[in-house]
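Asker: below: sequence and its predicted model.
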Amino acid sequence: MPTDLPNLLTLSRIAAIPLLIALMLLRTPVGDILACAVFSAAAITDYFDGKIARDRGSQTAFGRMLDPIADKLLVGAALMLLAGLGRLSLLGLLPAIVIMLREILVSGLREYLAGLRIGMPVTRLAKWKTGFQMGSLGVVIAGDSGASAVFLGFLPISWLGEAGLWVAAALTLWTGWDYMTAGLRHASAEDAPEARAADRGAG
(Lines give C-alpha, C1' and ligand atoms only; values in the text may rest on other atoms or scores of the structure.)
Protein backbone atom coordinates (compact mmCIF):
# COMPACT_ATOMS: atom_id res chain seq x y z
CA MET A 1 0.00 0.00 0.00
CA PRO A 2 1.16 3.60 -0.57
CA THR A 3 1.05 4.20 3.20
CA ASP A 4 3.56 1.44 4.03
CA LEU A 5 6.83 2.78 5.47
CA PRO A 6 8.96 1.73 2.45
CA ASN A 7 6.56 3.46 0.08
CA LEU A 8 6.43 6.55 2.28
CA LEU A 9 10.23 6.70 2.13
CA THR A 10 10.07 6.45 -1.65
CA LEU A 11 7.45 9.21 -1.78
CA SER A 12 9.67 11.37 0.45
CA ARG A 13 12.27 11.47 -2.34
CA ILE A 14 9.72 13.08 -4.62
CA ALA A 15 8.50 15.41 -1.85
CA ALA A 16 12.09 16.58 -1.26
CA ILE A 17 12.44 17.94 -4.80
CA PRO A 18 10.57 21.28 -4.28
CA LEU A 19 12.60 21.95 -1.13
CA LEU A 20 15.81 21.10 -2.99
CA ILE A 21 14.87 23.54 -5.76
CA ALA A 22 14.02 26.33 -3.32
CA LEU A 23 17.30 25.95 -1.41
CA MET A 24 19.47 25.84 -4.52
CA LEU A 25 17.76 28.89 -5.98
CA LEU A 26 18.87 30.87 -2.93
CA ARG A 27 22.38 30.66 -4.39
CA THR A 28 24.00 31.14 -0.99
CA PRO A 29 26.58 28.98 0.83
CA VAL A 30 24.06 28.13 3.56
CA GLY A 31 21.42 27.30 0.96
CA ASP A 32 23.86 25.01 -0.83
CA ILE A 33 24.76 23.14 2.35
CA LEU A 34 21.09 22.73 3.28
CA ALA A 35 20.31 21.60 -0.28
CA CYS A 36 23.12 19.03 -0.01
CA ALA A 37 21.65 17.80 3.28
CA VAL A 38 18.16 17.49 1.79
CA PHE A 39 19.45 15.72 -1.31
CA SER A 40 21.62 13.36 0.73
CA ALA A 41 18.78 12.49 3.10
CA ALA A 42 16.50 11.81 0.14
CA ALA A 43 19.18 9.69 -1.54
CA ILE A 44 19.67 7.57 1.58
CA THR A 45 16.00 6.62 1.55
CA ASP A 46 16.70 4.77 -1.72
CA TYR A 47 18.64 2.20 0.32
CA PHE A 48 16.31 1.97 3.28
CA ASP A 49 13.00 1.69 1.41
CA GLY A 50 14.16 -1.46 -0.39
CA LYS A 51 15.85 -2.94 2.69
CA ILE A 52 12.83 -2.42 4.92
CA ALA A 53 10.48 -3.84 2.27
CA ARG A 54 12.65 -6.97 1.89
CA ASP A 55 13.09 -7.45 5.63
CA ARG A 56 9.37 -7.14 6.23
CA GLY A 57 8.37 -9.12 3.16
CA SER A 58 6.19 -6.17 2.18
CA GLN A 59 7.37 -5.51 -1.37
CA THR A 60 4.50 -4.15 -3.45
CA ALA A 61 3.81 -3.45 -7.11
CA PHE A 62 3.31 0.21 -6.17
CA GLY A 63 6.77 0.33 -4.64
CA ARG A 64 8.43 -1.42 -7.57
CA MET A 65 6.79 1.05 -9.93
CA LEU A 66 7.51 4.19 -7.90
CA ASP A 67 11.08 3.49 -6.73
CA PRO A 68 12.86 3.99 -10.10
CA ILE A 69 10.57 6.92 -10.90
CA ALA A 70 11.50 8.68 -7.64
CA ASP A 71 15.21 8.10 -8.32
CA LYS A 72 14.99 9.54 -11.84
CA LEU A 73 12.98 12.57 -10.72
CA LEU A 74 15.45 13.39 -7.94
CA VAL A 75 18.54 12.92 -10.12
CA GLY A 76 16.96 14.73 -13.08
CA ALA A 77 15.94 17.71 -10.95
CA ALA A 78 19.42 17.99 -9.44
CA LEU A 79 21.16 17.77 -12.82
CA MET A 80 18.90 20.37 -14.43
CA LEU A 81 19.33 22.73 -11.50
CA LEU A 82 23.11 22.40 -11.54
CA ALA A 83 23.22 22.96 -15.30
CA GLY A 84 20.72 25.81 -15.26
CA LEU A 85 22.51 27.62 -12.45
CA GLY A 86 25.88 27.24 -14.16
CA ARG A 87 27.19 25.00 -11.39
CA LEU A 88 28.67 22.44 -13.79
CA SER A 89 31.79 23.01 -15.86
CA LEU A 90 31.83 21.93 -19.51
CA LEU A 91 33.56 18.69 -18.50
CA GLY A 92 30.95 18.17 -15.79
CA LEU A 93 28.10 18.84 -18.21
CA LEU A 94 29.10 15.96 -20.50
CA PRO A 95 28.55 13.13 -17.97
CA ALA A 96 25.35 14.87 -16.89
CA ILE A 97 24.05 14.63 -20.47
CA VAL A 98 25.04 10.96 -20.63
CA ILE A 99 23.21 10.24 -17.38
CA MET A 100 20.02 12.01 -18.50
CA LEU A 101 19.98 10.32 -21.91
CA ARG A 102 20.49 6.90 -20.32
CA GLU A 103 17.56 7.46 -17.96
CA ILE A 104 15.32 8.33 -20.93
CA LEU A 105 16.57 5.25 -22.79
CA VAL A 106 15.91 2.88 -19.90
CA SER A 107 12.48 4.40 -19.26
CA GLY A 108 11.56 3.75 -22.89
CA LEU A 109 12.83 0.18 -22.70
CA ARG A 110 10.88 -0.45 -19.50
CA GLU A 111 7.71 0.85 -21.13
CA TYR A 112 8.22 -1.36 -24.19
CA LEU A 113 9.00 -4.49 -22.18
CA ALA A 114 6.09 -3.83 -19.85
CA GLY A 115 3.84 -4.13 -22.89
CA LEU A 116 5.30 -7.60 -23.42
CA ARG A 117 4.82 -8.39 -19.72
CA ILE A 118 8.57 -8.74 -19.31
CA GLY A 119 10.22 -7.28 -16.25
CA MET A 120 13.61 -5.58 -16.31
CA PRO A 121 15.13 -6.14 -12.87
CA VAL A 122 17.65 -3.73 -11.40
CA THR A 123 21.14 -5.22 -11.46
CA ARG A 124 23.77 -4.89 -8.73
CA LEU A 125 25.88 -2.77 -11.09
CA ALA A 126 22.91 -0.46 -11.67
CA LYS A 127 22.66 0.00 -7.90
CA TRP A 128 26.33 0.98 -7.79
CA LYS A 129 25.62 3.43 -10.60
CA THR A 130 22.83 5.01 -8.62
CA GLY A 131 25.05 5.24 -5.55
CA PHE A 132 27.80 7.04 -7.47
CA GLN A 133 25.25 9.38 -9.05
CA MET A 134 23.69 10.31 -5.73
CA GLY A 135 26.99 10.74 -3.91
CA SER A 136 28.59 12.80 -6.68
CA LEU A 137 25.56 15.04 -7.08
CA GLY A 138 25.45 15.69 -3.35
CA VAL A 139 29.09 16.82 -3.46
CA VAL A 140 28.51 19.12 -6.45
CA ILE A 141 25.42 20.61 -4.81
CA ALA A 142 27.46 21.42 -1.68
CA GLY A 143 29.90 23.34 -3.87
CA ASP A 144 33.18 25.02 -3.01
CA SER A 145 31.84 27.90 -0.95
CA GLY A 146 30.87 28.42 2.65
CA ALA A 147 30.72 25.62 5.16
CA SER A 148 31.72 22.98 2.59
CA ALA A 149 35.19 24.52 2.44
CA VAL A 150 35.51 24.15 6.20
CA PHE A 151 35.23 20.37 6.02
CA LEU A 152 37.65 19.74 3.16
CA GLY A 153 39.83 22.84 3.37
CA PHE A 154 41.53 23.73 0.13
CA LEU A 155 40.17 20.75 -1.85
CA PRO A 156 38.08 21.73 -4.90
CA ILE A 157 34.87 20.00 -3.85
CA SER A 158 33.02 20.61 -7.11
CA TRP A 159 35.87 18.97 -9.03
CA LEU A 160 35.64 15.92 -6.80
CA GLY A 161 31.92 15.75 -7.45
CA GLU A 162 32.36 16.07 -11.19
CA ALA A 163 35.00 13.33 -11.15
CA GLY A 164 32.42 11.14 -9.44
CA LEU A 165 29.93 12.06 -12.17
CA TRP A 166 32.36 10.71 -14.76
CA VAL A 167 32.52 7.40 -12.87
CA ALA A 168 28.73 7.38 -12.68
CA ALA A 169 28.52 8.14 -16.42
CA ALA A 170 30.81 5.20 -17.21
CA LEU A 171 28.62 2.89 -15.11
CA THR A 172 25.59 4.48 -16.76
CA LEU A 173 26.86 3.57 -20.23
CA TRP A 174 27.71 0.04 -19.12
CA THR A 175 24.33 -0.68 -17.53
CA GLY A 176 22.51 1.16 -20.32
CA TRP A 177 24.17 -1.10 -22.87
CA ASP A 178 23.11 -4.17 -20.87
CA TYR A 179 19.51 -2.95 -20.83
CA MET A 180 19.61 -2.05 -24.52
CA THR A 181 20.89 -5.47 -25.58
CA ALA A 182 18.21 -7.13 -23.44
CA GLY A 183 15.54 -4.98 -25.07
CA LEU A 184 16.83 -5.73 -28.58
CA ARG A 185 16.91 -9.44 -27.78
CA HIS A 186 13.27 -9.42 -26.73
CA ALA A 187 12.30 -7.27 -29.73
CA SER A 188 14.02 -9.71 -32.10
CA ALA A 189 12.29 -12.65 -30.46
CA GLU A 190 8.93 -10.92 -30.86
CA ASP A 191 9.55 -10.03 -34.49
CA ALA A 192 10.68 -13.55 -35.46
CA PRO A 193 7.21 -15.21 -35.33
CA GLU A 194 5.72 -12.26 -37.25
CA ALA A 195 8.40 -12.61 -39.94
CA ARG A 196 7.75 -16.35 -40.24
CA ALA A 197 4.02 -15.73 -40.51
CA ALA A 198 4.63 -13.19 -43.27
CA ASP A 199 6.77 -15.69 -45.15
CA ARG A 200 4.05 -18.33 -44.90
CA GLY A 201 1.46 -15.84 -46.12
CA ALA A 202 3.62 -14.93 -49.10
CA GLY A 203 4.07 -18.60 -49.97
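Answerer: That came through, no problem. Residues are numbered from 1 along each chain as shown.
Asker: all contacts plus neighbour counts: C-alpha atoms, from now on.
Answerer: Noted.
Asker: what segments of the protein are helices?
Answerer: 5-26, 29-56, 61-84, 90-115, 124-142, 147-152, 157-202 (DSSP state H).
Asker: give me whichever of those helices is most buried.
Answerer: helix 124-142 (a mean of 21; mean count of other Cα atoms under 10 Å).
Asker: avg pLDDT for that one?
Answerer: The average pLDDT within helix 124-142 is 86.
Asker: hmm, who's touching it?
Answerer: Here helix 124-142 makes contact (Cα atoms under 8 Å, 6 or more residues apart in numbering) with 24, 32-33, 35-37, 39-40, 43, 75, 78-79, 82, 87, 148, 157-165, 167-168, 171-172, 175.
Asker: before we move on, what about stretch 42-50?
Answerer: With contacts defined as Cα under 8 Å, 6+ apart, stretch 42-50 is touched by 5-7, 9-10, 12-13, 16, 59, 67, 71, 134.
Asker: and what of stretch 11-20?
Answerer: Contacts for stretch 11-20 (Cα under 8 Å, 6+ apart): 35, 38-39, 42-43, 45, 66, 70-71, 73-74, 77.
Asker: so how far is it off the chain centroid?
Answerer: 14 Å (Cα atoms, centre = their mean, to the nearest Å).
Asker: before we move on, back to that, farthest-apart pair in the contacts of stretch 11-20, please.
Answerer: Ala35 and Leu66 (22.9 Å; Cα to Cα).
Asker: how close does Val30 get to Leu9?
Answerer: 26 Å (Cα to Cα, to the nearest Å).
Asker: where in this structure is pLDDT low?
Answerer: 1-3, 114-123, 145-155, 190-203 (pLDDT under 70).
Asker: against Leu105, how distant is Leu23?
Answerer: Distance of Leu23 to Leu105, given as Cα to Cα: 30 Å.
Asker: turn the contacts of stretch 42-50 into TSV, including distance to Ile52.
Answerer: TSV is the format used below for these (distance: Cα to Cα, whole Å):
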residue	distance to Ile52
Leu5	8
Pro6	6
Asn7	10
Leu9	10
Thr10	11
Ser12	15
Arg13	16
Ala16	20
Gln59	9
Asp67	13
Asp71	17
Met134	20
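Asker: tell me the one of those nearest Tyr112?
Answerer: Asp67 (18.3 Å).
Asker: let me see the contact set for the nearest residue to that closest one once chain neighbours are set aside.
Answerer: Nearest residue to Asp67, sequence neighbours excluded (Cα to Cα, 6 or more residues apart in numbering): Thr10, at 6.0 Å. Contact partners of Thr10, counting by Cα under 8 Å, 6+ apart, are 45-46, 49, 63, 66-67, 70.
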